[in-house]
Structures are given as structure tokens and as C-alpha cells.
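J.: Could you look at this predicted model? Sequence included:
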Amino acid sequence: MSISSFRIKRRKKSEDDDDEKKDSSSYEELLEVIAPINKFKSKPALGVTTFSRQMWCEKSLEICLENNIKITSKAIEEGIKHHEELELEDHQVLSVMVENEYEKMSIEILSIVNLLDGLIERGYIRELPIIGFYKGIMLRGIIDSLQLKPKLNGIGETNNVKYSSNNINKFIILISDTKTRRNTTLPSNVQQKTTVLQLGLYRKILGEMVNFGKIWKSCHPNLIDSNAIKKYLNSSSTIDLSNCCSGCSFLNSIFEFHGLDPLISFSIFQELEDAKRKQSCKEKNDICDTNQDQIQTETHSETESVVDTDGKSVLKEFENAVEIGFNMLLSFSKLPDIQSEMKVEYDCQGKTFATKWYKSSEQTIELELDYLLGWWLGAREAEFVRMSEAWKCKFCNVIEYCQVCPLSKEEKEKCIEKIRQDELESLLIKDLEESSNEHILTLNCS
């Protein structure tokens, strides 16, 4: 089967949108104390990998956010590239240009549907986005790999059942991740702790989504496929998602979080957005129509070469976001249990040199999550590295900004010098690689 996920691109916003954003944040800037989640995030949403970074060094994360520093390195770039290569080996990735937040969120959910259908059909999938909520905060993540493995009832038992979608309940979901290393050594115990948290959060969020799907299916037993869903929604005059079941409520929460109504049709939403934009321009005495056409034409020409399709084309088979959301819940309802042990493969130069298994209870994960959220919600100050873990500072890209580094002045200066040297070497290597690629392209063209 052909499987597609989507990489979403947004059109360039007008200057009016930027002005509105500045106006909305001006009040917050007057406050003496702002919780980090309000200071650094436009909405209370956090990524799973952000918690891993926070667990490694909270002060480093705070410095990056305060100074708008994006951490990158040769190792990080190699890891991203390796993950992208693995994803493209697994399924097609289409770049989609969207017009608004409603299209964006709907296509993100459609991407989940497509990948889940691939998992159910083939028994494996890569790069599955997941969404959950914890104490009012949205949690986002992307699971590197999901595989359906035979379910074993006892120790030492083997099961050679060949997978098919018809016997999916004889299988169990295995969550696995690939970690890229610069050399063939396993990470420290401290680093492995962040991996346990990351995988534990993946398992928690995925488990909740599967559970929401099963509850939704028990409330809508007749919605057995996409055609039944479409027919049901077309014949229903009113649907109260928030009071139907926890599955519907979860779906509603995703869109409500972004201030969107999932029941509104895509065509009507775009009409309302256009009318709102024109009214806004009219109030500010701008010549909107001609300028907007010009902006869209210029933006389209800039991105045409890297965009495969647009939001309207992707969503043309669907009436609204609820239809896509119901298909997502239906797909989740078909999934079996999730294995408690999670697998990590450590790769070096494209080859796996070690495999480790991790396990953590949901209670342990929630306790760790509660503590980490304490900083985000302003309940405590950012923690810094203790003397016993001062070795972490030698790998820190923001050490020169840190006033609480436990290293001596001489050690700190040596680290700063080494980091600058490494960054310079990384830039030189990148320039050489780009020059080499341009040379090869020129030769091919000629």
C-alpha cells in the first residue's frame, strides 16, 4: 500500500499579523514574574524532547529560551538526517502549503490517520505524531518507530504467527527509537535516564490515544469505516463533541486548544478568514485586495519548488475536521495493547552497534513530569548542574552565558574555546559539503 505523511508549510503572514502578536504580548512584558510556559510559549504546549533536554540541564534550556538560541551541532544534524532517511525509506513525505491553522491541524491529524492505517496494514510504521494532554498542557511528540510483534503468553514461549490485519489482536505494539552516536560507545546513565523519560511519555500518550479510540468505538459501533463516518456526519444535524464520550471530548480538546471549531466546514472557514482579513484591512485603511494578491503570488513563487501540494487539495475529500478526527479514532480503536518494554537501537555511521531495552511505570513517568512542569508553571527556579555532574558543562553550547556553572574559571574558559573551535570546524565542513554538492550539480547539468 502507498503511505503518505505530510510536512506542513505556512504562507508568510502579513505585517498586520505581526503587529497583533506584538500588541498581545505587551501586557505580559509588564508583569514582574511570568511562568516560563507563558513567557516562552504562545500556547501551553510542550514537546516530549523538550522534557528530555530539561532533564539533562534545566538551566541550559532556560538560557536558550531567554536568548532565543537554537542549539545545533554536527551530531544533532547527523541524527536528524539519519531519521529523515529512515522515514523516507518507510513512506512518502509530501510538503503541503496551508492557508490557516484549521487546515494545519486537520492535515496533522490526517497524517496520523494515514500512518496508523499503514501500521494496521503492514505491521510497522515510522515517525508517528502523537498528541495528548496532561493537567491542561498539550503534549506533542513523534514516535520514531512502531512495530507489531507476536504476543507471548509465557516466558520462553515463541510465536511464529505471520502478521495480517485480520489477526492484529494476536500482536502487541513495540515502541522503538534510534539514537545516533558519534562513536560506538553507549551513552552515560544520566543520558539513558532522559531516554527512559522520552519513551515512557511516548507510551503514556499513545496508550491514552488508543484508549480514546476504543471508548469512541464502543459509543459508535456502527461507524466501521470512512464511508459510514461520512454518512453519519452528513445525516446528523447537531453533534455535541464535549458531552458525547471521552474520545469525542479528546478530539474536541485538540481543536478547542487552538481556538478552532472542528465542526465547521473547510470552505466556510476559509470564507470567514477572508472576510476577517478584509475587514481588518478596511479598518486600518489598507489597500488590502491588491496587496494580498501580490503577497500570495510572491510567496507562491518562493515556495513552489519545495511544495508538493496545498491544503485544499489534501482535504478535498473531507467536509470538516471532525470527519478526519473520527477516522483517527477509528484507526486507534483497532490497535492492540502496547508492550511495556521499549527498544532503543544505537547507531554509528548508519549501522546499529547496540540495542537496549527500557521499562518504566506510568506512575514514575508522571512523578517526573510533575516535577519538570514545576519549573514551566513558575513553582520553582531552574535547577543547574551539580558539581557531581559538572562534566555535562563540557558539552554545553551555552556555557558562556551561564552564571552558575560549577566549573572553575579556567576550566570554563577552556570549554568555551573548544566549543567555539568545534563550531568553526563544523561550519567549515558544512561549507565544503555544500560546495562539493554544487560542483556535482554543475557537472550533472553540463
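T.: On my side now, so go ahead.

J.: so where's the stretch 251-400 of the chain uncertain?
T.: Within the stretch 251-400 of the chain, the ranges that satisfy pLDDT under 70 run 283-305.

J.: can you give me the strands for it?
T.: For the stretch 251-400 of the chain, the strands defined by DSSP state E, counting those that start in this stretch cover 309-310, 342-348, 351-358.

J.: Would you mind finding the most buried of those?
T.: Ranked by mean neighbour count, those are led by strand 342-348 with a mean of 19 (mean count of other CB atoms under 10 Å). The way it works is simple: take the backbone N, C-alpha and C, and place the C-beta from them, glycine included.

J.: And the strands of the stretch 251-400 of the chain: which comes nearest Gln147?
T.: Ranking those by proximity to Gln147 (CB to CB) places strand 342-348 first, at 8.8 Å.

J.: Report the contact partners of Gly311.
T.: By CB atoms under 8 Å, 6 or more residues apart in numbering, the contact list for Gly311 reads Val96, Met97, Val98, Glu99, Glu103, Lys104, Ser106, Ile107.

J.: And the last one, which helix or strand is it part of?
T.: Put plainly, it is Ile107. helix 101-122 (DSSP states H and E).

J.: wait, is Thr168 part of a strand?
T.: One thing to correct before we go on: residue 168 is Ile, not Thr. No. Ile168 is assigned helix when assessed by DSSP: H, G, I helix; E, B strand; the rest coil, not a strand.

J.: What distance do you get for it to Ile120?
T.: Per CB to CB, to the nearest Å, Ile168 is found 7 Å from Ile120.

J.: before we move on, back to that, could you pull out the buried residues of the helix holding Ile107?
T.: 102-119, 122 (16 or more other CB atoms under 10 Å).

J.: what does the helix or strand following it rub up against?
T.: Downstream of helix 101-122, the next assigned helix or strand under DSSP H and E is strand 124-134. Outside strand 124-134, the residues that touch it by CB under 8 Å, 6+ apart are 3, 5, 83, 86-87, 90-91, 108, 111-112, 115-116, 118-119, 138-148, 202, 204-206, 208-209, 250, 253-254, 366, 369, 373.

J.: related to what we said a few turns ago, any residues in contact with both of Ile168 and Ile120?
T.: In contact with both Ile168 and Ile120: Lys334, Leu335, using CB under 8 Å, 6+ apart.

J.: Lowest pLDDT pick from the contacts of Gly311?
T.: Minimum pLDDT for those is recorded at Glu99 (86).

J.: gap between the residue nearest to that one when sequence neighbours are not counted and Ser331?
T.: Spatial nearest neighbour of Glu99, chain neighbours left out: Gly311 (5.9 Å); criterion: CB to CB, 6 or more residues apart in numbering. With distances taken as CB to CB, Gly311 is found 21 Å from Ser331.

J.: Equivalent analysis for Gln363, please.
T.: Distance from Gln363 to Ser331, by CB to CB: 28 Å.

J.: try Lys231
T.: Applying CB to CB to Lys231 and Ser331 gives a distance of 18 Å.

J.: sorry, back to before: can you flag the buried ones in the contacts of strand 124-134?
T.: Of the contacts of strand 124-134, these count as buried by 16+ other CB under 10 Å: 3, 5, 83, 86-87, 90-91, 108, 111-112, 115-116, 118-119, 138-148, 202, 204-206, 208-209, 250, 253-254, 369, 373.
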